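**Student:** How does the following fold in three dimensions:
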Amino acid sequence: MAFASVSYPGQAGLVTDYAISFGYLDSSDLSATVDGVSTPFTLPSASVVRISPAPTGDVIITRNTPISSKTTTFVDGSVQTAALHNDQNDQLLYAVQEAADDATNALRTDGIKYDATSQKIENVADPTSAQDAATKNYVDTRDSATLASAVALNGANAASASASASSASNSAAAAYNSELAAAASAAAAAVSETNAGTSETNSAASAAAAAAAAQGWADVVSITSGTTDIEIADARKYYILDASGGTITINLPAVGTTDGLTLGFEVLDASNSITIARDGTDTINGAAADYTGLTAVGDVVHFISIDGTPDDWSARLISRFVVDGTTITQSGRTISVGTGGVDTTQLADDAVDPTKVAGAVNAQTGTTYTLVAADDHKIVTMDNASANTLTIPTNASVAFPTGAKVDVIMMGAGVTTVTGDTGVTVNDVSAGSGDLAQYGGCSLVKLATNEWVAIGLTVV
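**Tutor:** Alright, predicted model coming up:
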């Protein structure tokens, strides 16, 4: 627990007053931030910080006690009061508490590794030695420069035959990285353009071709069946493979002295086998065997040539649709979600449109209301000209899940009292309660069984 700061995460622009539980010597020792940006505030009382207009984002209120000088310097014969001594002791206590907070938030080590406790590390210098840490900007800048060099090399048809195996690997990796976004975009565009019935194949092929061309491939080639020989001059071509009419065999060219030659392959139909065959003693991913890994619709693989001993093709599967056959199914290039929906643990961050999960408003006009399970992640408004009460029920009455959240807004002229039922702790106060002002609000969050916190509400 922090000694000299208090956090109110996820504010929604409804609350202006924030309680602070720590003492301070002077109001100038306090600071407030919203999403890390300093914001002005006032103090309507010694224990409340007011930010107006109501902020949106993460609010943090912090105390920073000056330690450049003592609050009081005593001289012989001076009057010593309890207040002066208390101020001096408080200055020391506050400074120690703030140092303890800083130590808690500092980069930690157990003697083997450093732990940033899931926080960003900023203002890192560029690396100079092999084992130095690298920043995102340094890696992005280096990869961009390497990619530009690789593209120039391909455009000149890999004229330099004296490149070392080490520089060959770097060029190949840069070319591989440059095509990641292209392949993902091609696959997504192909799926989004899929139409039902007999138009499915043509629509998907058109979408994939458009996406590939937009991502900088030199050409897009469709192959429906049979054997196709690829030459060195076909560098940076994107092949769409439709095996509905028969098996497909792709013969790769000999790597020779060509470094960083890039080829892309995407599966439109996998009804028959697809083989990408190496030339002579060349290897694929270090193995003396042909590549048969394109087995499903939507598979995308990139091949990158590496001049080495032996010459090798680096084959990287960039994209593959994975379905469980129950909640998510695939038919051709169409991905469908079953009627049972998808468990939220299967969804990546930002995968859900916020408008689909927006909380509804439960408008109450009476003088008493007790929360019900359906209020979870909703807004409850209390609109009555007379005093009214909103009660948080015990877990035995309404088993809200831990993490449940209810926003409460007082709309009417009558004062709204938010209170915990007998046995419910609110802000660490048993059966605690607090009053809202008109158009004021608070957020109720369940932390544990019969334990709630009221954000933006002073509870007694």
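
**Student:** Just give the closest residue to residue 55, not the sequence neighbours.
**Tutor:** Counting by C-beta to C-beta, 6 or more residues apart in numbering, the nearest residue to residue 55 once its immediate chain neighbours are dropped is residue 34, at 4.4 Å. Where you see a C-beta, it was placed from the backbone N, CA and C, and this is true even at glycine.

**Student:** ditto for residue 299
**Tutor:** Among residues not flanking residue 299 along the chain, residue 267 sits closest, at 4.4 Å (C-beta to C-beta, 6+ apart).

**Student:** What distance do you get for that neighbour to residue 32?
**Tutor:** Using C-beta to C-beta, to the nearest Å, residue 267 is found at 55 Å from residue 32.

**Student:** Compare the two (neighbour count), which wins?
**Tutor:** residue 267 (25 against 19; other C-beta atoms under 10 Å).

**Student:** pretty sure that one is in a strand, no?
**Tutor:** Yes - using DSSP: H, G, I helix; E, B strand; the rest coil, the assignment for residue 267 is a strand.

**Student:** Show me the beta-bridge partners of it.
**Tutor:** Per DSSP bridges, residues listed as beta-bridge partners of residue 267: residue 241.

**Student:** Can we start the residue count at 29 from this point?
**Tutor:** Right, with 29 as the first residue, what we last looked at is residue 295.

**Student:** ok, it - contacts?
**Tutor:** Contacts of residue 295 were listed using C-beta atoms under 8 Å, 6 or more residues apart in numbering, and they are 269, 271, 302, 322, 323, 324, 325, 326, 327, 328.

**Student:** Just the pLDDT for it.
**Tutor:** As summarised for this prediction, residue 295 has a pLDDT of 92.

**Student:** Kindly report the same for residue 186.
**Tutor:** In this model, residue 186 carries a pLDDT of 43.

**Student:** next one: residue 385
**Tutor:** At residue 385, the model reports a pLDDT of 62.

**Student:** One more: the one 5 residues further on?
**Tutor:** Per-residue confidence at residue 390 stands at 95 (pLDDT).

**Student:** these two touch, right, it and residue 410?
**Tutor:** No - Residue 390 lies out of contact with residue 410 (C-beta atoms under 8 Å); the separation is 10.0 Å.

**Student:** More neighbours: which of these two?
**Tutor:** Each of residue 390 and residue 410 had its neighbours counted (other C-beta under 10 Å), and the higher figure belongs to residue 410 (26 against 16).

**Student:** Report the separation between that one and residue 304.
**Tutor:** The gap separating residue 410 from residue 304 is 67 Å, by C-beta to C-beta.

**Student:** With residue 485 instead?
**Tutor:** Residue 485 is 65 Å from residue 304, by C-beta to C-beta.

**Student:** What of residue 387?
**Tutor:** With distances taken as C-beta to C-beta, residue 387 is found 51 Å from residue 304.

**Student:** More neighbours: which of those two?
**Tutor:** Here residue 387 and residue 304 are compared on neighbour count by other C-beta under 10 Å; more neighbours surround residue 304, at 25 against 15.

**Student:** if I pick that one, what's in contact with it?
**Tutor:** Residues touching residue 304, when contacts are defined by C-beta under 8 Å, 6+ apart, comprise 278, 280, 293, 312, 318, 319, 320, 322, 329, 331, 343.

**Student:** Now do the SS call for the first one.
**Tutor:** Residue 278 carries the three-state label strand when classified by three-state DSSP.

**Student:** and it, what are its bridge partners?
**Tutor:** The bridge-partner assignment for residue 278, based on DSSP bridges, gives residue 256, residue 304.

**Student:** what pLDDT does residue 155 get?
**Tutor:** pLDDT at residue 155 comes out at 87.

**Student:** oh sorry, the question was meant for residue 374
**Tutor:** For residue 374, the pLDDT comes out at 62.

**Student:** now swap in residue 99 and tell me
**Tutor:** The predicted local confidence for residue 99 comes out at a pLDDT of 86.

**Student:** Mind telling me what element the closest residue to it other than its chain neighbours is part of?
**Tutor:** Here the nearest residue to residue 99 in space, its sequence neighbours aside, is residue 115; by C-beta to C-beta, 6+ apart that works out to 4.5 Å. Under the assignment given by DSSP states H and E, the secondary-structure element containing residue 115 is helix 110-132.

**Student:** Need the residues that contact that helix.
**Tutor:** By C-beta under 8 Å, 6+ apart, the residues outside helix 110-132 that reach it are 30-33, 50-53, 91-93, 95, 98-100, 102.

**Student:** Out of the residues you listed, the closest to residue 338 would be?
**Tutor:** Within the contacts of helix 110-132, distances to residue 338 taken as C-beta to C-beta reach their minimum at residue 30, with 60.2 Å.
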